[in-house]
Each structure stands twice: as structure tokens, then as C-alpha cells.
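> I would like the atomic coordinates for the input below:
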Amino acid sequence: MGENEIRPYEGLMHRVHELFSIVDALPENISDEELEGLLHILPTDVRNTLGAFFAPHVRSISLELFAMVRKWLEGAFETKRNGGKVFLVPFNFVPELLHCFEGAWPITSEVLSSLGVLGLEGQGERYWDYAMGLGLPDFACSANMIEVGSALTSTDFMPDAIISDCFGSCDINSKTHEFLARYMDIPLIFLEKPVDNSQRGVKQYYRYFDKMVEDVEEFLDQKLDEDRMREVIGKANKASELYWELWDLHKFKPCPVPNLYSLFTYAARFTMWGTQEAVDVMQHMVDTAKERLEKGEYPAEEEVARSLWTYTSYYFDMSGLFAWMEENGITHLGDGLDLVFPIIIDLTSRESMLTDLAEIARNMPMTRQMGADSMSVQWLDDITWAANELDANCCIYCGHHSCKQTWSSATVVRSELMKRSKVPTLILQGDSWIRRMTPMSALQESIDEFVKNVVKKR
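Predicted coordinates for the structure are as follows:
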């Protein structure tokens, strides 16, 4: 084999599963000396990213999050071993629906790509390069193409079916997953969303959601069990209640919620919502933020900026973004992927639970904004609401490489947000998952200049 060829079992999911399998072997109260030794043996790019998770004020919750991720990854392999079915889903799908089935398991492409970027030497670029080598376009989204590129090598864990529900909200995602399904001969289940947000459009979406559920039931040869649904959805409700508690804790000044909690929140939401593990992670974050509030703890001498990220963040250097911002008094209040708008689901009946699940799915990130009848209006409304709720004094748009639809509206949203709430927006350019486009040092410089010359002078 050539030097850059991908060998059997070098697929992304196999590699991150092996990496996170060591979580249980780590001491619960790992010391600074033990941590230093662990990080020392890691490749530099991985050390820069994983090091942020082991800062003293986030170390314990990071270990709990890693344990949840390990359980999520192991759940897919275990489901396969036991003859069940594993579904590849996008980030804006509701995984708790699949947790309601016995013998079904969701794996989320964007989360898998992120794990590859966070934990693997080379940060998943080999899988991106493989996909590009097949002739796929370089404007494809790295968020899902890194994992899909790995699957296309035929050396990775393969799902039994794919659920595609990004029509209108992320066409790149939809076409990437459709290509994988056709190329690898994997069954494909659709969940469409009308751009019509009137009562008629909402009812039509509910019908599409019910049809998708029927397709999953037919594929699994299994009907949803109402009692099991009630158990899973009850845990999802608890996690949603904790989500709103954490949201309210962001309102205090200085913010007692560590910057990385933004990422931790949607890591739980996109994988294990509806399980006790997600509840435990959310509870841990709420409890820790409350303790920090009582003690008046903040990483810097003062909070100089309260930033709301209007789309995604950057994930290829956690120390360089989340930790660096904290050290410089810049609070990360969350980003567009945190706008999951959970509601408490009515547990009365199977029908009431499915209806509320459909409503939650309709309001997931990007589905709600980019899949609206007017993307710029809905995106602006949601960001304005969040900025006012959290008292943000600035916004940052990451300018993700493949998101041409948001680029088309970014300046409109920035201008109207300034008119409505007097909140300035910094527009950056860079790929959220691939470091090649814009190095973190350049992004830091832009953010630093923006805070010093715009935010602090207001």
C-alpha cells in the first residue's frame, strides 16, 4: 500500500471508537501530572484540541462527556453485534426517536466528523482528501464529508440505513448523504420539510414526519412501543428542562458557564438525547455553573465581551478558540447549533409524543432558519431574540466554507441586527472543521481586533 492509502479498519469511526474506549481506564480524579503525561504522548494537533477539555474548571464534565460519547459509539457496535440496525442521521435529526426503538441506534455524521477532527492525528483530513480524490466537489461540507469520505473507503463502520432530513436547510448535506446511499447501496429514508411555515405547511410537515416514522417501522419490522416511548421521551424532557436552566445561567454577568459548554450541549443533543447519559451530562453542567455563579468564578480578570456566534464555531483547535477566548475575557454564549428550542413533550399518548417530536424536529437548528420561507428573516429573528435574551454585546459569524446559503444572507443579518439591537457582528472566513483554510492564529487576531476596537469602545 502507498504511504497515504487507508488500510482496513483505519476508518474514522473505528479509530475514534478505539480512542474513546480508553475513557473507562482514566482515573476519575486524574492529576495534573498524569494529565501532562497523557497529553505528552499525543500528536501536536490532537494535544492542542484535547488539552482544552482537561482545563481544571471543565475536566470533570469533560470526562463525563467522553464517557457518554464512548457509550454512544459502543452502542452502534453493540447494536450491530446483536442483529439490530444502525441509522446514519444528520445533526438536525431527533435521535430520541430512534432510541425509542429496540434494536435501533443513531450515529450522527457531523458528530463523527467532529470527533475525528478532535481526536485523530491529521484531524480527519485523509478522509476529506479521499472524497476529493473520487471527484466530489470541494464546496461539499466538511462537517459530514469527513465521515462520509471515510465510509466511502469501505474500511469503516457501515450504517444499515440513512435518514436524510436536510432538504432546503442544507442541500449539500442532503446530496452528500444521498450520494453515499446510492454509491454504497444503503437504504435511504427521507424526511422533507416544506418552506411554508403557515398552519398548512406545519400540518404537511407533520404528515411527512409520520411517513418517515412508518418507513423506519417497516425497515425495522417493528412498531413503536408506547411504554418504551414514554420512558425515553421522559428522559428527553428532563434533558430539555436542564437545557433551559443552563440557558438562563448564561444571562448572569460575568457568565458562570464555561465556553465549552456550548459544544457539550449540542454534543448531547445530537447523540444521546432521551438517555440517562444525556440527562447526567446536562445536570452536571447546570450544577457546576451554579457553583461557579455562587463563587463568582470567571477565567479572566473581567468579562470584556459577551459573544453570540450566529452560525457554527470552529472545532479544529479547542484550546485556540474556546480556551483562548476565556483567557481574554470573551464569553462564548453559544452558537446557532445551540438554538435547538426544546419543548416539553406531552406523554399522554403515542400520537401526542409523535406530534411534539415532529414539532421539535421542525425547529431544530438550520431546519428552522435555513429551511424557512425566508431564511434571512427567520435567522435574523432567532439571533436577535437570543442576543437580547443573553444580553450579548457582539456577534460572530464563522463564515463556514461550504455554507453558501448563509453567506448570501450574512450581511443582511448583520445590518438588521445592528439596527434592531445595536449589536455589531464580526464576519470571519474559515472552515469550521478543516484548519487548512484559515489558521487559528489569524482568527484570533481578527477576534482580538474586533473586541478591542469595536466592542470595548461602545
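> From here on, just use CA atoms for contacts and neighbour counts.
Noted.
> Tell me the buried residues in the lowest-mean-pLDDT helix or strand in the chain?
Lowest on mean pLDDT, DSSP states H and E among the helices and strands of the chain sits helix 32-40, with a mean of 76. By neighbour count with 16 or more other C-alpha atoms under 10 Å, helix 32-40 contains the buried residues residue 39.
> List the buried residues in the next helix or strand after it.
From helix 32-40 onward toward the C-terminus, using DSSP states H and E, the following helix or strand is helix 44-50. By neighbour count on 16+ other C-alpha under 10 Å, the buried set for helix 44-50 is 45-50.
> wait, which of those residues is closest to residue 397?
Nearest to residue 397 among the buried residues of helix 44-50 is residue 49, at 21.1 Å by C-alpha to C-alpha.
> And the pLDDT at the closest one?
Here the pLDDT value assigned to residue 49 is 83.
> my guess is it meets residue 118, correct?
Yes. Residue 49 lies in contact with residue 118 (C-alpha atoms under 8 Å); the separation is 5.9 Å.
> Now do stretch 12-28, average pLDDT.
The model assigns stretch 12-28 a mean pLDDT of 85.
> Could you look up the SS state of residue 163?
Assigned by DSSP: H, G, I helix; E, B strand; the rest coil, the conformation of residue 163 is strand.
> mind listing what it touches?
Residue 163 is in contact with 87-90, 188-191, counting by C-alpha atoms under 8 Å, 6 or more residues apart in numbering.
> CSV for the residues you listed, including neighbour count and secondary structure?
Listed next are those as CSV, based on neighbours: other C-alpha atoms under 10 Å; DSSP: H, G, I helix; E, B strand; the rest coil:
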residue, neighbour count, secondary structure
87, 23, strand
88, 19, strand
89, 26, strand
90, 25, coil
188, 18, strand
189, 21, strand
190, 19, strand
191, 20, coil
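> ok, these vs residue 366, which is closest?
Among the contacts of residue 163, and counting by C-alpha to C-alpha, the member closest to residue 366 is residue 90, at 11.3 Å.
> how near is the closest one to residue 246?
Using C-alpha to C-alpha, to the nearest Å, residue 90 is found at 24 Å from residue 246.
> picking that back up, wait, which of the buried residues of helix 44-50 is closest to residue 223?
Nearest to residue 223 among the buried residues of helix 44-50, counting by C-alpha to C-alpha, is residue 50 at 41.2 Å.
> ok, back up a step: common neighbours of residue 49 and residue 118, please.
When contacts are counted by C-alpha under 8 Å, 6+ apart, residue 49 and residue 118 are jointly contacted by 316-317.
> could you pull out the strands for the stretch 251-400 of the chain?
305-309, 330-332, 394-397 (DSSP state E, counting those that start in this stretch).
> Determine which stretch of the ones you listed is the most buried.
Mean neighbour count, computed with mean count of other C-alpha atoms under 10 Å, is highest for strand 330-332 among those, reaching a mean of 27.
> other SSEs contacting it?
Under the contact criterion of 3 or more C-alpha pairs under 8 Å, 6 or more residues apart in numbering; DSSP states H and E, strand 330-332 touches strand 305-309.
> 10 Å instead, please
Other helices and strands packing on strand 330-332, by 3 or more C-alpha pairs under 10 Å, 6 or more residues apart in numbering; DSSP states H and E, are strand 305-309, helix 324-327.
> got these as JSON lines, with distance to residue 76 and mean pLDDT columns?
Listed next are these as JSON lines, based on distance: least, C-alpha to C-alpha, whole Å; pLDDT from 0 to 100:
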{"stretch": "strand 305-309", "distance to residue 76": "32", "mean pLDDT": "98"}
{"stretch": "helix 324-327", "distance to residue 76": "34", "mean pLDDT": "96"}
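> before we move on, back to that, tell me which of the buried residues of helix 44-50 is nearest to residue 170?
Comparing those against residue 170 with C-alpha to C-alpha places residue 49 closest, at 27.2 Å.
> Tell me who's in contact with the closest one.
By C-alpha atoms under 10 Å, 6 or more residues apart in numbering, the residues touching residue 49 are 117-119, 123, 315-323.
> residues in contact with residue 287?
Residues in contact with residue 287 (C-alpha under 10 Å, 6+ apart) are 242, 245-246, 293.
> Ends of stretch 164-177, what's the gap?
Stretch 164-177 end-to-end distance (C-alpha to C-alpha) = 7 Å.
> which of the residues in it are buried?
Neighbour-count burial for stretch 164-177, counted by 16+ other C-alpha under 10 Å, picks out 164-174, 176-177.
> ditto for stretch 54-74
Under 16+ other C-alpha under 10 Å, the buried positions of stretch 54-74 are 54, 58-74.
> And the helices in the stretch 1-150 of the chain, which stretches?
Using DSSP state H, counting those that start in this stretch, the helices of the stretch 1-150 of the chain run over 12-20, 32-40, 44-50, 59-81, 95-99, 109-119, 125-133, 142-152.
> same for the fifth one, what does it pack against?
Contact partners of helix 95-99 among helices and strands, from 3+ C-alpha pairs under 10 Å, 6+ apart: strand 85-89, strand 104-108, helix 199-220, helix 226-249, helix 350-362.
> Let's have these in CSV, adding distance to residue 158 and mean pLDDT.
Below are those laid out as CSV (distance: least, C-alpha to C-alpha, whole Å; pLDDT from 0 to 100):
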stretch, distance to residue 158, mean pLDDT
strand 85-89, 8, 97
strand 104-108, 10, 97
helix 199-220, 16, 96
helix 226-249, 26, 98
helix 350-362, 25, 97
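> and residue 394, which of those is closest to it?
Among the helices and strands packed on helix 95-99, the nearest to residue 394 by C-alpha to C-alpha is helix 226-249 (17.5 Å).
> CA atoms only for the helix or strand harbouring residue 417 - export them in PDB, please.
Using DSSP H and E, residue 417 sits in helix 404-421. Extracted in PDB, the C-alpha atoms of helix 404-421 (Å, rounded to 0.1, in the frame of the first residue of the first chain):
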ATOM      1  CA  LYS A 404     -23.200  29.400   0.600                       C
ATOM      2  CA  GLN A 405     -26.800  29.900   1.700                       C
ATOM      3  CA  THR A 406     -25.800  31.700   4.900                       C
ATOM      4  CA  TRP A 407     -23.100  33.700   3.100                       C
ATOM      5  CA  SER A 408     -25.900  35.000   0.900                       C
ATOM      6  CA  SER A 409     -27.700  36.500   3.900                       C
ATOM      7  CA  ALA A 410     -24.800  37.200   6.300                       C
ATOM      8  CA  THR A 411     -24.500  40.900   5.500                       C
ATOM      9  CA  VAL A 412     -28.300  41.400   5.700                       C
ATOM     10  CA  VAL A 413     -28.500  39.700   9.100                       C
ATOM     11  CA  ARG A 414     -25.500  41.800  10.300                       C
ATOM     12  CA  SER A 415     -27.000  45.100   9.200                       C
ATOM     13  CA  GLU A 416     -30.500  44.400  10.500                       C
ATOM     14  CA  LEU A 417     -29.200  43.000  13.800                       C
ATOM     15  CA  MET A 418     -27.300  46.300  14.300                       C
ATOM     16  CA  LYS A 419     -30.500  48.200  13.600                       C
ATOM     17  CA  ARG A 420     -32.700  46.200  15.900                       C
ATOM     18  CA  SER A 421     -30.400  45.500  18.900                       C
END
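> Brilliant, that's me finished.
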